[in-house]
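Chemist: With the sequence up front, the predicted model follows.
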Amino acid sequence: MGDAALRLTTLAEELLGTPLPVRIRAWDGSEAGPPGAPVLVVRHRRALRRLLWRPGELGLARAWVAGEIDVDGDLYHALDLLAGLLWQRGDDAEDSGNPLLDPRVRAGARGLLKIGGALPPPPPPPEEVRRRAGPLHTKLRDKRAISHHYDVGNDFYALVLGPSMVYSCAYWQDGGTLEDAQRDKLDLVCRKLALTSGDRLLDVGCGWGSMAIHAAREYGVQVTGVTLSREQAAYARKRIAEEGLTDRIEIRVQDYRDVRDGPYDAISSIGMAEHVGQVRYTKYADQLFSLLKPGGRLLNHQIARRPERDESAYRVDEFIDRYVFPDGELAPLGRTVATLEEAGFEIRDVESIREHYALTLRRWVANLEANWRQAVRHSSPGRARVWRLYMAASAVSFERNRIGVNQILAVKTPEGGESGLPLRARDWR
């Protein structure tokens with residue numbers, strides 16, 4: 001048996017200045033690190049070359065997607081222990097000046113050279129998005145970003161999401177199933193919007209049509225759903241036809257910025273605003289405000305990050321940007337509320353459902369793991385590994401309050417001040 005694991009452990013601890021919280025198993029069969037801890041499996045020395053050329057999160061992500069590193073044991077526990085290494089902002093060379101000025105980094109690079117070899121960097125896995133020059137969040141760029149994430153394949157998503165085909169945080173009660181929790185979330189949105197028969201609802205980022213179907217079937221509303229994903233739209237239209245709801249629901253492949261047929265009685269935006277981006281969020285809020293009738297309601301369901309003391313220091317995680325949500329950005333809750341208010345909305349309720357998303361993500365990961373071979377067949381080994389890592393890591397982030405998710409109920413209150421809401425909060429009607 002070789003000594004690669006011991007050398008890697010020693011090198012990591014020297015570089016970090018702290019004991020490594022996980023055990024390492026190397027390609028030569030050697031192991032080192034704390035007994036009983038989750039095991040980080042380094043299957044190939046090529047992973048070290050990735051770290052040498054791109055230290056930090058992106059190097060680790062590429063090695064994970066390529067199958068060169070893995071975790072043996074509780075993935076959630078391992079990610080929790082490694083959170084500071086995997087998700088620490090500013091640890092990549094492009095974000096931290098010249099890392100070679102740090103003696104520990106220079107020593108670490110020499111160590112990686114000795115163990116991993118000095119061959120050229122391996123090419124990125126094919127699942128990685130190549131960064132494009134030019135301004136963020138143009139219509140064409142947003143369409144490409146949405147396609148990367150949502151056009152993975154409807155069969156793949158059906159395995160992960162289950163029969164509900166809802167790709168956002170569920171609303172849990174003790175003992176309920178994922179399908180129960182997703183139905184309850186959709187119904188909660190409908191009740192907050194006070195939908196009644198004949199109302200016009202705009203569902204922005206309509207996904208596979210679940211919200212539109214629930215609102216039309218259970219509340220008798222007329223729904224327009226918009227998405228940039230052609231695969232989602234085709235799947236949603238098929239479901240709608242099977243439900244006999246084609247006279248009540250229209251699904252469009254359309255950018256929300258191009259919707260012109262208001263006013264609507266209500267707007268739902270569930271898990272879509274994360275794609276809008278900081279440079280376009282004011283336009284997003286203004287557009288939704290313009291599409292509502294006076295007294296109309298908006299339900300904005302959105303992931304939020306913790307605020308930075310210096311907001312200019314915020315950086316999107318490289319793994320998420322390159323492999324999951326290209327150009328996606330998270331805003332602090334306060335910034336989102338302020339932007340909606342600046343557009344003219346009156347904010348009437350904010351409900352945090354952070355813990356609910358952790359439960360939802362764990363169910364999705366369980367579905368993926370239970371259907372692993374099929375998921376790989378419908379996508380690729382690398383794509384399945386991307387989704388497993390991002391969903392498990394996100395679950396831990398929600399559990400540890402690194403990110404949250406909130407439902408914001410806003411009203412286009414008329415000049416007379418009649419909001420249309422009851423005096424008692426949370427009655428909705």
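Modeler: Great, that's in hand. Since we're looking at a predicted model, the values are computed, not measured.
Chemist: and the residue nearest the centre of the chain, how far is that from Trp27?
Modeler: In the chain, the residue lying closest to the centroid (C-alpha atoms, centre = their mean) is Phe325, at 6.6 Å. Computed as C-beta to C-beta, to the nearest Å, the Phe325 to Trp27 distance reads 32 Å. For glycine as for every other residue, the C-beta is placed from the backbone atoms N, C-alpha and C.
Chemist: and if you look at His214?
Modeler: Distance from His214 to Trp27, by C-beta to C-beta: 50 Å.
Chemist: ditto for Thr10
Modeler: For Thr10 relative to Trp27 (C-beta to C-beta), the value is 17 Å.
Chemist: Between those two, which is the more surrounded one?
Modeler: Trp27 (17 against 14; other C-beta atoms under 10 Å).
Chemist: can I assume that one is in contact with Leu48?
Modeler: No. Contact criterion C-beta atoms under 8 Å: Trp27 and Leu48 do not qualify, at 9.8 Å.
Chemist: overlap in contacts of those two?
Modeler: Common neighbours of Trp27 and Leu48, counting by C-beta atoms under 8 Å, 6 or more residues apart in numbering, are Val42.
Chemist: Would you agree Ser269 falls within a helix?
Modeler: No. Assessed by DSSP: H, G, I helix; E, B strand; the rest coil, Ser269 does not belong to a helix; its assignment is strand.
Chemist: Measure how buried it is and give me the count.
Modeler: Using other C-beta under 10 Å: Ser269 sits among 23 other residues.
Chemist: Could you report the separation of it from Leu16?
Modeler: Taking C-beta to C-beta, one finds Ser269 at 41 Å from Leu16.
Chemist: got it, and Glu341?
Modeler: Per C-beta to C-beta, Glu341 is found 43 Å from Leu16.
Chemist: ditto for Ser268
Modeler: 45 Å.
Chemist: Neighbour count: these two, which is higher?
Modeler: Each of Ser268 and Leu16 has its neighbours counted (other C-beta under 10 Å); Ser268 has more, 28 against 14.
Chemist: quick one: that one and Leu202 touch, right?
Modeler: Yes. Applying C-beta under 8 Å as the test, Ser268 and Leu202 come out as touching, 7.5 Å apart.
Chemist: Counting residues, which helix of the chain comes out longest?
Modeler: helix 381-399 (DSSP state H).
Chemist: continuing past that helix, what's the next helix or strand?
Modeler: strand 403-411 (DSSP states H and E).
Chemist: Just want the angle from that following strand to helix 381-399.
Modeler: Per axes from the mean of the first three to the mean of the last three C-alpha atoms, to 10 degrees, the angle that strand 403-411 makes with helix 381-399 is 70 degrees.
Chemist: what are the pairing partners of strand 403-411, and which direction each?
Modeler: Using DSSP bridges, the strands paired with strand 403-411 in its sheet are strand 292-305 (antiparallel), strand 346-352 (antiparallel).
Chemist: following the shortest one, which helix or strand comes up?
Modeler: With elements assigned by DSSP H and E, the helix or strand that comes after strand 346-352 is helix 354-370.
Chemist: elements contacting that next one?
Modeler: If contacts are counted by 3 or more C-beta pairs under 8 Å, 6 or more residues apart in numbering; DSSP states H and E, helix 354-370 sits against helix 154-161, helix 178-192, helix 381-399, strand 403-411.
Chemist: looking at the ones you listed, which is closest to Arg43?
Modeler: Closest to Arg43 of the helices and strands packed on helix 354-370 is helix 381-399 (C-beta to C-beta; 12.3 Å).
Chemist: Give me the contact list for that closest one.
Modeler: 61, 64-67, 75-76, 79-80, 83, 86-87, 125-127, 152, 156, 160, 319-320, 323-324, 354-355, 357-358, 361-362, 364-365, 368-369, 372, 375-376, 403-405.
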